[in-house]
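Asks: Need the 3D shape of this:
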Amino acid sequence: MKKEHILIMRFSALGDVAMMVPVVYSLAMTYPDVRITVLSRKFARAFFDDLAPNVYFMGADLNMEYRGVKGLNALYRRLMAKNFTAVADFHNVLRSDYLRLRFNLDRYRVAHINKDRAGRRKLTAKGKKCLKQQDSPFKKYADVLARLGYPIENNFKSLFSEEGGNLNLLPALFGPKNSFERWIGIAPFAAHEGKIYPERLMWQVVDQLLACDPQVKIFLFGKGKKEEATFEEWCAKNQRCVSVSKHLETMHQELILMSHLDVMVSMDSANMHMASLVATPVVSIWGATHPLAGFMGWGQSLDNVVQLDLPCRPCSIFGNKPCLRGDYACLRNIAPEYIVEKVMKIIGSK
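Replies: Here you go, the predicted structure:
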């Protein structure tokens with residue numbers, strides 16, 4: 001008989017791929033004799049390379065090497081050589097649908113995620129919203145595996161041990177951390193305006209946190225011209241601010257640093273999910289989006305969520321729709337003091 005070998009596909013953004021990690025880990029631990037290959041974009045390798053002995057990663061560049069139908073056919077031929085016995089589509093979009101179709105035609109065991117778009121539409125309706133908790137991707141991914149005959153219980157805790165990642169792999173600036181220091185991560189940006197707390201107000205959060213305790217050190221997470229310009233300005237205002245991307249080169253290094261933070265302050269963004277994967281508590285700020293959509297970070301508490309109760313919220317699942325009011329009151333009306341209070345409560349409990 002063929003050795004059991006599962007292909008798991010997801011090509012999307014960083015946060016969505018990060019949410020696969022607890023499920024893939026739990027699958028690997030539950031079925032140690034089953035080989036698991038994760039197919040995703042190349043950036044995701046840092047999540048899976050050392051996750052478990054029976055987990056393997058395969059990167060695919062869908063914009064160049066495997067572009068279009070011709071490229072997908074080439075990718076399918078490459079996948080055929082891996083001798084898979086089951087295929088789990090965690091994405092369910094045109095590209096993965098096409099690959100799934102090819103596998104189905106060749107009589108593979110195949111299952112795909114149910115996105116429940118109807119439930120999402122009711123949650124974000126302009127009027128008479130149905131404020132019902134939607135299933136998280138963690139549950140939806142696990143449901144796909146169960147339909148393939150691999151039921152799991154999610155038992156993931158962290159990518160690293162309880163002591164965190166190895167700070168010796170980072171520049172000297174990032175360690176060692178003494179017992180009196182309080183390391184706070186701030187990730188103030190996101191892909192869409194509907195998920196970004198105003199820059200002016202976020203600086204007030206940073207400034208207040210620095211004033212609370214002389215042992216507080218702020219690490220700023222984010223990449224891009226806008227982010228770099230903002231962080232350069234903030235670091236010039238206070239030397240206890242550090243722009244992470246200026247000193248760290250890889251996502252693995254960022255995960256190591258995150259594992260040693262006392263708390264992360266983040267939007268509903270990839271950084272929330274990355275911090276969650278290393279068991280760091282996250283104070284998450286939500287505007288156009290809402291935790292009811294199911295996208296809370298792994299193991300995070302609703303007690304640490306910052307959001308306003310407005311009749312127009314949520315108006316978007318991903319934060320990419322224009323504000324119905326035109327003023328993003330869901331974000332602009334959040335007092336910096338409220339965020340600081342949440343952060344200090346977590347720090348005080350340690």
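Asks: Extract the residue ranges of the stretch 201-350 of the chain that are flagged as low pLDDT.
Replies: 349-350 (pLDDT under 70).
Asks: all strands in it, in order from the N-terminus.
Replies: 216-220, 241-243, 263-267, 282-285, 305-306 (DSSP state E, counting those that start in this stretch).
Asks: how about those, which one is nearest Arg182?
Replies: Of all the strands of the stretch 201-350 of the chain, it is strand 216-220 that lies closest to Arg182, at 4.8 Å by Cβ to Cβ. Where you see a C-beta, it was placed from the backbone N, CA and C, and this is true even at glycine.
Asks: quick one: the closest one to strand 263-267, angle?
Replies: Between strand 216-220 and strand 263-267, the angle comes out at 40 degrees (axes from the mean of the first three to the mean of the last three Cα atoms, to 10 degrees).
Asks: Direction included, what does strand 216-220 pair up with?
Replies: The strands beside strand 216-220 in its sheet (DSSP bridges) come out as strand 182-187 (parallel), strand 241-243 (parallel).
Asks: Tell me which of these is the most buried.
Replies: strand 182-187 (a mean of 25; mean count of other Cβ atoms under 10 Å).
Asks: any residues touching that strand, and which ones?
Replies: Contact with strand 182-187 is made by 177, 202, 205-206, 209, 213, 215-222, 257-258, 260-267, 269, 271-272, 275, 280, 343, 347, as judged by Cβ atoms under 8 Å, 6 or more residues apart in numbering.
Asks: 7 Å - rerun?
Replies: For strand 182-187, contacts defined as Cβ atoms under 7 Å, 6 or more residues apart in numbering pick out 177, 206, 209, 213, 215-222, 258, 260-267, 269, 271, 275, 343, 347.
Asks: now it: how far from the chain's centre is it?
Replies: 17 Å (Cα atoms, centre = their mean, to the nearest Å).
Asks: ok, now stretch 313-325?
Replies: 19 Å.
Asks: first vs last residue of it, how far apart are they?
Replies: 11 Å (Cα to Cα, to the nearest Å).
Asks: Tell me the buried residues in it?
Replies: 313-319, 323 (16 or more other Cβ atoms under 10 Å).
Asks: got CSV for the residues you listed, with distance to Leu72 too?
Replies: Output for the buried residues of stretch 313-325, formatted as CSV (distance: Cβ to Cβ, whole Å):
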residue, distance to Leu72
Arg313, 38
Pro314, 34
Cys315, 34
Ser316, 30
Ile317, 26
Phe318, 25
Gly319, 29
Cys323, 37
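Asks: ok, back up a step: closest one to Asp327 among the strands paired with strand 216-220?
Replies: When the strands paired with strand 216-220 are ranked by proximity to Asp327 (Cβ to Cβ), strand 182-187 comes first, at 23.6 Å.
Asks: now that closest one: mean pLDDT?
Replies: For strand 182-187, the mean per-residue pLDDT is 98.
Asks: Ok, stretch 7-17 next?
Replies: 94.
Asks: Find out how far that stretch is from the centre of the chain, if you would.
Replies: That offset, for stretch 7-17, works out to 10 Å (Cα atoms, centre = their mean).
Asks: and if you look at stretch 254-274?
Replies: The answer for stretch 254-274 is 9 Å, by Cα atoms, centre = their mean.
Asks: Can you get me the start-to-end distance on that stretch?
Replies: Where stretch 254-274 begins and where it ends lie 9 Å apart, using Cα to Cα.
Asks: can you pull the buried residues of the helix or strand containing Leu72?
Replies: Taking DSSP states H and E as the definition, one finds Leu72 inside helix 68-80. Residues of helix 68-80 classed as buried: 71-72, 75-76, 79 (neighbour count, 16+ other Cβ under 10 Å).
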